[in-house]
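**Student:** got a predicted model here, sequence first, then my questions.
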There are 2 protein chains.
Amino acid sequence: MEGKKKRNVIVGQSGGPTAAINSSLAGVYRTAIDRGYSKVYGMLHGVQGLMEGRYVDLSEHIRTGLDAELLKRTPSAYLGSCRYKLPEIHDNQEVYVKIFKILEDLEIDCFIYIGGNDSMDTIKKLSDYAIVFGSDIRFVGCPKTIDNDLALTDHTPGYGSAAKYIGTSVKEIIRDGWSLETAKGQVLIVEIMGRNAGWLTGAAALAKGEDCDGPDAIYLPELPFDVDKFVKKVQEVLKKKSSVVVAVSEGIRDENGVYISELGNSVDYVDAFGHKQLTGTARYLCEVVSEKCNCKTRAIELSTLQRAASHLASRVDILEAYEVGGAAMKCADEGGSGQMVVIERTSDDPYASSTAVKDVHRIANDERLVPRDWITKDGTYVTSEFLTYVRPLIQGDVAPIVVDGIPRHLFVPGFQDLL
Amino acid sequence: MEGKKKRNVIVGQSGGPTAAINSSLAGVYRTAIDRGYSKVYGMLHGVQGLMEGRYVDLSEHIRTGLDAELLKRTPSAYLGSCRYKLPEIHDNQEVYVKIFKILEDLEIDCFIYIGGNDSMDTIKKLSDYAIVFGSDIRFVGCPKTIDNDLALTDHTPGYGSAAKYIGTSVKEIIRDGWSLETAKGQVLIVEIMGRNAGWLTGAAALAKGEDCDGPDAIYLPELPFDVDKFVKKVQEVLKKKSSVVVAVSEGIRDENGVYISELGNSVDYVDAFGHKQLTGTARYLCEVVSEKCNCKTRAIELSTLQRAASHLASRVDILEAYEVGGAAMKCADEGGSGQMVVIERTSDDPYASSTAVKDVHRIANDERLVPRDWITKDGTYVTSEFLTYVRPLIQGDVAPIVVDGIPRHLFVPGFQDLL
């Protein structure tokens, strides 16, 4: 790209929101401006919104250094997100023609997409198309997912903050369970996000420390879930302890691959990528325990708070998300395309990391699960290796910018109506 | 009590835990030591544990200034709590004979009980008994409840922190709802604690600010809940907004007094005070909305986190809880009995408060509800008067003492086994 005048950048967010995805957006913006791009556009609701011509000029949103700091502390995808899956190029070329027409009209040089597996599929297809049809627009992916299931990167921005929220909240839930005489013999089941990967559910073990036993059992979706064995485990713990706390992934399945949540009567629906919305796992297991153990139960779903709780974000996570955004922009600026930024851990203690880029073809549609040997032999807990891995990612905090007692987020009047 | 040698103090915690109840415990302890008492005992699981001879010497738990700071930041009732209801004196005098025997054996001068309505009933009965049977043990109540439903006090310790958690979490939930294209037209129903009083549910309005619309509707248990009107309201909002967030109290009832949660199929149980455990209100309403409005829904229960989230405690709340504990101890030390400490608000802006004591006979078993004119005429929101009232109570934070990325609580090895 030597000698060519720099034109514009467009950035989008895709997939499930996290507490760190906007920090990456801030990082992309800052590096784009520092590297001399004229305009940085933000697509609204990812490529889906882009195809409808919906985008904003980010300079109208990140107007000051304070705005950038607020953006880093704003949960949810600032620009709106989507779960739109691009068709295969040979199946529907029109979609690509349309997208590239819009990008050319906007004089885009660099296209940055912040997202997870499905979003990297989008980067792969768009960069493939660019190569095949001779466009010099560069497409670079910036990893993001609370699920932490992207291949080739040590971890994904968004995971550390979610893990910190889960560890802290599960600890508070456990402590709460100590208090009431009437809660003796109670079984609490905490349901945690993660369809196929148990990274989030395993983070419940962070509650364990010198002042807390942690959950009594943790069930990850990597292993088949046996309801009878689970009940037996609960009964064993009930003999020894006055209250029981179990963490389960929303995605646990029985040996036939049937989601435990489907054994209950909750209504499921399927998104554009064919993913079922799973809830009701804890509730179903509470019904089973209540019946088989004749005890009180309580189901707690951490729900969307585990991905939206910016007030408890990890400093390591927010800073890395910012750096990764900058690295994606740098990669595209320097001519990279069809790449995704990854985080490489250079040391556990003291923790140190750096960024690198990898071919997105090696990442897209692949899922990184918790290794079998990071789960205990009996499948009811994570090992110390898991904790050594996750512990550095939850360190430090990003103090909320509080107005009138409540954390302030970035907001430009009228913006919500655009979403 | 002039001239008489000071003997010992015993303190207990009762009813639902809060994020501030242990700050009151720290306040009682500090004032008792400062005023020259020899020993400060803590009953385990309130009077219920006391009757079984279960108590600890608090000096073995609050050994240092750091321990006191950790205690202020520890959620849940440190000493364990109970929901034990003392019988009427004329119905069962034996219980009283037993309790007073234990108190005399421990050489107790002052009995401080930190709790809500039911706990003040305990203070009332014990102080009545002391007067009738000539004991000079003093019984003083220290208010505590996230429900904020105690009479005569401006507010109760524990409420401010719960309100801050609810306002912050509801704001994060609302923001999360903006993000996904696939979430357009989704109705989120957030279920908040509060059996009869809507103080907690009303706090969802704190999410409203210059950067957030707040919930689209808020339903308090003070007014009869009309399912049809609710559905109509949701349909109206759906016409104007891409996603809808409604906050409902777990205690909303229809015009016949039937809990909305009972209209679903959840299992209820009743505690010693005849209170039903209510959950499933949001889930039931989601089913109704899903059917009548043909839209996606999500039920979110803030569950026990709203009373246990010390990591997001209000500074005003934690400091007032500490002061109220000290004031209860001071009252008993100076000869008061059958009294409860109250908080009096001396100014809204700048907020200022002081403590006073009131006759517990005027408080016990009374419930303070949200005034009708602090709820909008159509019953779907709280007014600005409500917000002026609650806003000062959520100000400031108490930074967690973080070890390895997770807030540390007070814990003495082996203590949990006593509970």
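**Tutor:** Everything's here; your move.

**Student:** now for the nearest residue to A:D176 once chain neighbours are set aside, how many residues are close by?
**Tutor:** Spatially, and ignoring its direct neighbours in sequence, A:D176 is nearest to B:A308 (4.0 Å; C-beta to C-beta, 6 or more residues apart in numbering or on different chains). Just so you know, the C-beta spots here come from the backbone N, C-alpha and C atoms, and that holds for glycine as well. By the measure other C-beta atoms under 10 Å in any protein chain shown, the count of residues near B:A308 is 27.

**Student:** and A:P407, what does it touch?
**Tutor:** A:P407 is in contact with A:73, A:310-311, A:400-401, B:168, B:171, counting by C-beta atoms under 8 Å, 6 or more residues apart in numbering or on different chains.

**Student:** with A:P221 instead?
**Tutor:** Taking C-beta under 8 Å, 6+ apart, we find A:P221 in contact with A:194-198, A:201, A:249, A:251-253.

**Student:** cool, A:M51 as well?
**Tutor:** Counting by C-beta under 8 Å, 6+ apart, A:M51 has contacts A:95, A:98-99, A:102.

**Student:** now swap in A:I363 and tell me
**Tutor:** Contacts of A:I363 (C-beta under 8 Å, 6+ apart): A:117, A:120, A:141, A:150-153, A:340.

**Student:** is the helix or strand where A:V248 lies up against chain B anywhere?
**Tutor:** Assigned by DSSP states H and E, A:V248 belongs to strand A:243-249. No. Residues of strand A:243-249 are not located near chain B by C-beta under 8 Å from any C-beta of the partner chain, the shortest gap being 9.4 Å.

**Student:** contacts for that strand, please.
**Tutor:** Strand A:243-249 is contacted from outside by A:170, A:173-174, A:177-178, A:183-194, A:198, A:200-201, A:204, A:215-221, A:225, A:230, A:234, A:237-238, A:260, A:281-282, A:285, using C-beta under 8 Å, 6+ apart.

**Student:** and whatever residue of the stretch 101-250 of chain A ends up closest to chain B, how far from A:S242?
**Tutor:** Of all residues in the stretch 101-250 of chain A, A:D211 sits closest to chain B, at 3.5 Å by C-beta to the nearest C-beta. Using C-beta to C-beta, to the nearest Å, one gets 17 Å for the distance from A:D211 to A:S242.

**Student:** so these two - more neighbours on which side?
**Tutor:** A:D211 (21 against 17).

**Student:** list the buried residues of the lowest-mean-pLDDT helix or strand in chain A.
**Tutor:** Least confident helix or strand, chain A: helix A:415-418 with a mean of 83, by mean pLDDT, DSSP states H and E. For helix A:415-418, a neighbour-count test (16 or more other C-beta atoms under 10 Å in any protein chain shown) marks A:415-416 as buried.

**Student:** then stretch A:88-105?
**Tutor:** Those would be A:95-96, A:99-100, A:102-103, for stretch A:88-105 by 16+ other C-beta under 10 Å.

**Student:** next one: stretch A:172-185
**Tutor:** A:172-184.

**Student:** so can I have CSV of these showing pLDDT, distance to B:L25 and secondary structure?
**Tutor:** Listed next are the buried residues of stretch A:172-185 as CSV, based on pLDDT from 0 to 100; distance: C-beta to C-beta, whole Å; DSSP: H, G, I helix; E, B strand; the rest coil:
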residue, pLDDT, distance to B:L25, secondary structure
A:E172, 97, 17, helix
A:I173, 96, 21, helix
A:I174, 95, 19, helix
A:R175, 95, 14, helix
A:D176, 94, 16, helix
A:G177, 91, 19, helix
A:W178, 89, 14, helix
A:S179, 89, 12, helix
A:L180, 84, 16, strand
A:E181, 79, 17, helix
A:T182, 77, 20, helix
A:A183, 77, 19, helix
A:K184, 82, 21, coil
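
**Student:** with distance to B:M329 as added columns, please give those in JSON lines.
**Tutor:** Shown next, in JSON lines, are the buried residues of stretch A:172-185 (distance: C-beta to C-beta, whole Å):
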{"residue": "A:E172", "distance to B:M329": "27"}
{"residue": "A:I173", "distance to B:M329": "31"}
{"residue": "A:I174", "distance to B:M329": "30"}
{"residue": "A:R175", "distance to B:M329": "25"}
{"residue": "A:D176", "distance to B:M329": "26"}
{"residue": "A:G177", "distance to B:M329": "29"}
{"residue": "A:W178", "distance to B:M329": "25"}
{"residue": "A:S179", "distance to B:M329": "22"}
{"residue": "A:L180", "distance to B:M329": "24"}
{"residue": "A:E181", "distance to B:M329": "24"}
{"residue": "A:T182", "distance to B:M329": "27"}
{"residue": "A:A183", "distance to B:M329": "28"}
{"residue": "A:K184", "distance to B:M329": "29"}
